[in-house]
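Peer 1: sequence unknown, structure follows:
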């Protein structure tokens with residue numbers, strides 16, 4: 001059974017107070033914005049599932065008032081296969097996401113990649129469903145936006 005697209009791409013928006021050194025808007029008020037996304041991959045593949053490609057930037061694209069500063073793409077695998085192979089595969093998955101985002105107009109210098117292989121599962125590796133959830137790249141977009149002073 002194929003999970004619904006929203007299960008393959010989980011987006012969450014969180015807003016926090018600005019950190020020290022954050023650029024301040026003309027009226028002095030900014031807020032930090034963080035958007036997280038998860039791109040899923042098929043077994044032993046490093047290409048983003050077609051149904052996830054357009055959805056990957058959907059929420060971020062809606063936020064026109066945000067100045068994006070950094071993006072981190074962290075690749076993961078399930079526990080099937082040798083650890084060295086999984087390390088390379090997770091790095092390829094993170095790089096695939098970076099290449100996709102650069103192709104959509106983001107600057108390569110703002111995107112950092114990391115590879116965790118099978119070291120940080122979000123589900124069990126005993127079932128196919130669990131392994132499918134572990135084959136992913138987590139993407140975190142961070143930026144700031146000006147807000148009206150209160």
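Peer 2: Noted; the coordinates are in hand. Just so it is clear, the structure is predicted and the values come from calculations on it, not from any experiment. Numbers count the residues shown, from 1 in each chain.
Peer 1: so after the longest helix along the chain, what's the next helix or strand?
Peer 2: In the chain, taking DSSP state H as the definition, the longest helix is helix 83-103. Remark: after helix 83-103, the chain's next helix or strand is strand 111-117, criterion DSSP states H and E.
Peer 1: Off-centre distance for that next one?
Peer 2: 10 Å (C-alpha atoms, centre = their mean, to the nearest Å).
Peer 1: Could you list every helix and strand in contact with that strand?
Peer 2: When contacts are defined as 3 or more C-beta pairs under 8 Å, 6 or more residues apart in numbering; DSSP states H and E, strand 111-117 packs onto strand 67-76, helix 83-103. From N, CA and C alone the C-beta is placed, and that goes for glycine too.
Peer 1: Neighbouring strands - and their directions - for the first one?
Peer 2: According to DSSP bridges, strand 67-76 forms sheet pairs with strand 111-117 (parallel), strand 136-146 (antiparallel).
Peer 1: contact partners of that strand?
Peer 2: 23, 60, 89-95, 97-98, 101, 106, 110-118, 120-122, 134-145 (C-beta atoms under 8 Å, 6 or more residues apart in numbering).
Peer 1: Return the set of buried residues in it.
Peer 2: Residues of strand 67-76 classed as buried by neighbour count (16 or more other C-beta atoms under 10 Å): 68, 71-76.
Peer 1: Save those residues as JSON lines, and put in pLDDT too.
Peer 2: Listed next are the buried residues of strand 67-76 as JSON lines, based on pLDDT from 0 to 100:
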{"residue": "68", "pLDDT": "88"}
{"residue": "71", "pLDDT": "96"}
{"residue": "72", "pLDDT": "98"}
{"residue": "73", "pLDDT": "98"}
{"residue": "74", "pLDDT": "99"}
{"residue": "75", "pLDDT": "99"}
{"residue": "76", "pLDDT": "99"}
